[in-house]
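>>> Build me a structure from this.
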Amino acid sequence: MKKIILAAFASAVFAIGAMAQYRPSVIVSAGYQGANISGFENSKIASGARAGVAVDFGLLNSGAMELSIQPGLNFSMKGLSFGDKEKVKNSLYYIDLPILANLRFGVTDDLNAFVNAGPYLAYGIGGSAKVGDNKDKTNPFKETTIAGKSLRAYNPFDWGLQVGAGLEYQRVMLSVGAQFGMYDVTHNYTVDIPVVGKKTFGDTNKNSAFFVTAGYRF
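Residues are numbered from 1 along each chain as shown. Just a heads-up that it's a prediction; the model follows:
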């Protein structure tokens, strides 16, 4: 599955490059990201970081407005927390691959505004769990065997929708955005109960995040 997703993303990037009419630019960015996971009662926002790079392929340019496609690669911290002052915090580290349609408007000669939206794919690479001052760096995506059954706390794959907006002044960029996960990132368990039959336990839990980043276009 992972190879298929990565191959599809590589094919999309190649196709975008073939379509592009203008010289592409590279955008690097980093900033704050707040995240949560739906389905957990009384959970709170977990603070983290986001950093990455995107390639901007211009498709159409009318002078005052430009349409482009932006495939990117980001390190993204997600998760959730419980209690006051984040006494309990689960951090999930992802590599995510958004493919955004970006519309940029000229405000003045030096200032542009932009909005973007598109799907993202993500894969969990690690994380940590903090309870008070104790921090466990065990990979929450790693499978463990319990009573002969392979289990893990979180599914590593994730996908959803990303939206954003921002300003660009002389190649310096300030962006805000959000991600809305569409995939259940927790593991639901199926148990075969006598008389009742097979029953699945577990809620549907999906990632969500918002971010504020500063960047530069090369």
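
>>> Secondary structure element for the most centrally placed residue in the chain, which one?
Compute the mean C-alpha point of the chain, and by Cα atoms, centre = their mean the closest residue is D96, 5.0 Å away. In this structure, D96 is located in strand 88-106 according to DSSP states H and E.

>>> by contact count, what packs against that strand?
Strand 88-106 sits against helix 2-19, strand 46-61, strand 65-82, strand 111-131, strand 157-169, with contacts defined as 3 or more Cβ pairs under 8 Å, 6 or more residues apart in numbering; DSSP states H and E. For glycine as for every other residue, the C-beta is placed from the backbone atoms N, C-alpha and C.

>>> Save the ones you listed as a markdown table, and put in mean neighbour count too.
Output for the helices and strands packed on strand 88-106, formatted as a markdown table (neighbours: other Cβ atoms under 10 Å):
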| stretch | mean neighbour count |
| --- | --- |
| helix 2-19 | 12 |
| strand 46-61 | 18 |
| strand 65-82 | 20 |
| strand 111-131 | 18 |
| strand 157-169 | 18 |
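
>>> Quick one, grab the pLDDT at the closest residue to P24 other than its chain neighbours.
Nearest residue to P24, sequence neighbours excluded (Cβ to Cβ, 6 or more residues apart in numbering): F57, at 4.9 Å. F57 carries a pLDDT score of 93 in this model.

>>> Looks like F57 contacts Q70 (just checking).
Yes - between F57 and Q70 there is a contact under Cβ atoms under 8 Å: 7.4 Å.

>>> and the residue nearest to P24, what are its bridge partners?
In this entry, F57 is beta-bridged to I69, by DSSP bridges.

>>> From A64, how far out is the residue nearest to the centre of the chain?
32 Å (Cβ to Cβ, to the nearest Å).

>>> Let me know whether A64 touches R104 as I believe.
No - in this structure A64 lies outside contact range of R104 using Cβ under 8 Å: 9.6 Å.

>>> Run through the residues that contact Y169.
Shown in contact with Y169 (Cβ atoms under 8 Å, 6 or more residues apart in numbering): D110, L111, N112.

>>> What of V131?
Contacts of V131 (Cβ under 8 Å, 6+ apart): K87, V88.

>>> where does this structure dip in pLDDT?
1-23, 84-86, 135-137, 144-152, 187-203 (pLDDT under 70).

>>> If we use 90, what do you get?
For the chain, the stretches flagged by pLDDT under 90 are 1-24, 38-44, 46, 58-65, 80-91, 106-109, 126-155, 184-205.
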